[in-house]
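Asker: Need a 3D model of the sequence below.
(2 chains)
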Amino acid sequence: DAGVTQSPTHLIKTRGQHVTLRCSPISGHKSVSWYQQVLGQGPQFIFQYYEKEERGRGNFPDRFSARQFPNYSSELNVNALLLGDSALYLCASSFSPGGVQYFGPGTRLTVL
Amino acid sequence: DQQVKQNSPSLSVQEGRISILNCDYTNSMFDYFLWYKKYPAEGPTFLISISSIKDKNEDGRFTVFLNKSAKHLSLHIVPSQPGDSAVYFCARTEGYNFNKFYFGSGTKLNVKP
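Answerer: Predicted coordinates:
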């Protein structure tokens, strides 16, 4: 069975641009969470979606948004990119909101 | 607001010996704690978890201990193997349906052959 997949693997943007990151959960998993991992830190929780509804939100500005599609895949959108948005963005899926989360390999975003 | 804190950024252990990774937490109620392992260029991989109603959970070479009075969590790996060399994150969940996960900053474990 395929694990969590994320695309693209790497991305380079400039300040002020917009970016969309994509995630496909493990088959059968209905919950998707997004995390930002800055070098030297642990993953920071951004959003959790379950059954296409937002179930949790971390301490991130409104420039960050996400959605979940009927097939349970998800997109993370970041507007007006800042240099500080450069990070590894991780997606995790779980069967339910409180279930063990299984992570994808991440998307490395670099903002110049 | 650091919900979970890993104070040791790195740990070096000889193969065959015990590795002890530590984590402190704050603001606990009924929580759920987890340990994840991360290799370079991969996402974190779930290792073991423990509910706050328990003191210990064991899975093969991995044992997690929870000291609620000290608000301290530890992961013991016995015996340590070179393949265990990775970054280890502790995490806790909170919120309705435990839908928010908070991770520590990680401890890099190096197991020397």
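Asker: from here on, contacts and neighbour counts on C-alpha atoms
Answerer: Noted.
Asker: what's the neighbour count on B:K68?
Answerer: The number of residues packed near B:K68 is 14, by other C-alpha atoms under 10 Å in any protein chain shown.
Asker: for it, phi and psi?
Answerer: Here is the backbone geometry of B:K68 (degrees, to the nearest 10): phi -70, psi -30.
Asker: can you pull the pLDDT of it?
Answerer: At B:K68, the pLDDT value in this model is 89.
Asker: Show me which helix or strand of chain A is least confident by mean pLDDT.
Answerer: Lowest on mean pLDDT, DSSP states H and E among the helices and strands of chain A sits strand A:53-57, with a mean of 89.
Asker: so A:A2 makes contact with A:H29?
Answerer: No. In this structure, A:A2 is not within contact of A:H29 by C-alpha atoms under 8 Å, at 11.8 Å.
Asker: Would you mind telling me which of these two has more residues around it?
Answerer: More neighbours surround A:H29 than the other of A:A2 and A:H29, with 23 against 8 (other C-alpha under 10 Å).
Asker: Contact residues of chain A facing chain B?
Answerer: Within chain A, the residues that sit near chain B (C-alpha under 8 Å from any C-alpha of the partner chain) are A:40-45, A:48, A:55-58, A:90, A:97-98, A:100-106.
Asker: can you rerun that using 7 Å?
Answerer: Residues of chain A found near chain B (C-alpha under 7 Å from any C-alpha of the partner chain) are A:40-45, A:56, A:97-98, A:102-106.
Asker: Give the pairing partners of the following helix or strand past the least confident helix or strand of chain A; include direction for each.
Answerer: Remark: after strand A:53-57, the chain's next helix or strand is strand A:64-68, criterion DSSP states H and E. Note on strand A:64-68: by DSSP bridges, its sheet partners are strand A:74-78 (antiparallel).
Asker: re earlier: closest one of the residues of chain A next to chain B to A:P70?
Answerer: Minimum distance to A:P70 across those is 16.5 Å, recorded for A:P97 (C-alpha to C-alpha).
Asker: Three-state assignment for that closest one, please.
Answerer: What DSSP: H, G, I helix; E, B strand; the rest coil gives for A:P97 is coil.
Asker: thought it was touching A:K30?
Answerer: No. Assessed by C-alpha atoms under 7 Å, A:P97 is found out of contact with A:K30, at 8.3 Å.
Asker: what touches both of those two?
Answerer: Any residue near both A:P97 and A:K30 by C-alpha atoms under 7 Å, 6 or more residues apart in numbering or on different chains counts here, and that gives A:Y50.
Asker: Pick out whichever of these two has more residues nearby.
Answerer: Neighbour tally, A:P97 and A:K30, criterion other C-alpha under 10 Å: the higher count belongs to A:P97, 24 against 21.
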